[in-house]
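Engineer: below is the sequence, then the predicted model.
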Amino acid sequence: MLTHPTLDQLNTLGLAGMARAFKDLAANPEAEGLGHAEWLGLLLDREMAQRQDKRYGARLRRARLRHNAAPENIDYSAARGLDRRLMAQLLSGEWIDNHENVIVGGATGLGKSWIACALGHKACRDNRSVLYVRVPKLFDELTLAHADGSFGRRLKTLGAVELLILDDWGLEPLDAQARHDLLEILEERYGRRSTIITSQLPVADWHSLIGHATYADAILDRLVHNAQRIELKGESLRRTGPPKNS
């Protein structure tokens, strides 16, 4: 068997997964009993798996998740009121198909960001586009985008991503520009995309945080009315040191 020329051709064609599978099969005596169709099937399976892994890695890099939060590492033992059944439902991704939102609330140190990132991680696995941003940093970036003329492009990106994670909402009241920008983002996404928002501030206080009745009504209508809620309670998990999982 012309192993080396075949490997060269596979690599030249960009079929690295098939090349590795071909090399492994050629070195395995048990593969001699396989038919041509079986060989081809194994090569194609390896190529497909490698391409899926590469796309998954690229989605994770673009998502910029704050935590490497694998869904299977979610800690349900901590006394913070995390509903395992609700999390299983959310991890299925049906709410993203239905263009619904998720609100993760609770005091600092309860793992809100970690849980949001775990949902984002699972969405990446499911071949969905995800973007994580901290709300204070987002508003700073949008201020610069207005100044350099890139706001339209940034708005298009924020509107198009299938799952947008807005972390640390409510740390400070919104000014007029922030109110307007947030409404523009949510209007782009409403009924077409899904958003996760984390906040220490109870939803009942969001209206006053936004600071303008008309804007507040419009923003909350697009964000809250179709949102599933995770409300964490209890003592900060950080008091016993940084946990490996949250």
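Structural biologist: Looks like it arrived, so ask away.
Engineer: burial of Asn98, as a residue count?
Structural biologist: Neighbourhood size, Asn98 [other C-beta atoms under 10 Å]: 9. Yep, even glycine has a C-beta here, placed from its N, CA and C like the rest.
Engineer: ok, now Pro5?
Structural biologist: By other C-beta under 10 Å, the residues close to Pro5 number 9.
Engineer: for it, which residues are in contact?
Structural biologist: Contact analysis of Pro5 by C-beta atoms under 8 Å, 6 or more residues apart in numbering lists nothing.
Engineer: quick thing: my sequence starts at 253, can you match it?
Structural biologist: With the count now opening at 253, the last piece we talked about shows up as Pro257.
Engineer: where does it land on pLDDT?
Structural biologist: According to the prediction, Pro257 has pLDDT 79.
Engineer: and this protein, what are its domains?
Structural biologist: The chain breaks down by automatic domain parsing into domains covering 255-314, 316-488.
Engineer: could you tell me the least trusted of these?
Structural biologist: For the domains of the chain, the weakest mean pLDDT is recorded on domain 255-314, namely a mean of 76.
Engineer: what sits against Gly486?
Structural biologist: By C-beta under 8 Å, 6+ apart, Gly486 lies in contact with Ala330, Ala331, Arg332, Gly333, Leu362.
Engineer: circling back to that earlier point, most neighbours per residue, which of the domains of the chain?
Structural biologist: Counting by mean count of other C-beta atoms under 10 Å, domain 316-488 has the highest mean neighbour count of these, with a mean of 17.
Engineer: centre of the chain to that domain, how far?
Structural biologist: Relative to its parent chain, domain 316-488 has a centroid offset of 10 Å by C-alpha atoms, centre = their mean, to the nearest Å.
Engineer: what's the end-to-end length of that domain?
Structural biologist: Counting by C-alpha to C-alpha, to the nearest Å, you get 25 Å between the two ends of domain 316-488.
Engineer: centroid-nearest residue for the protein?
Structural biologist: Centroid-nearest residue in the chain, with C-alpha atoms, centre = their mean: Gly372, separated by 2.3 Å.
Engineer: where's Ala397 relative to Glu436, distance?
Structural biologist: 11 Å (C-beta to C-beta, to the nearest Å).
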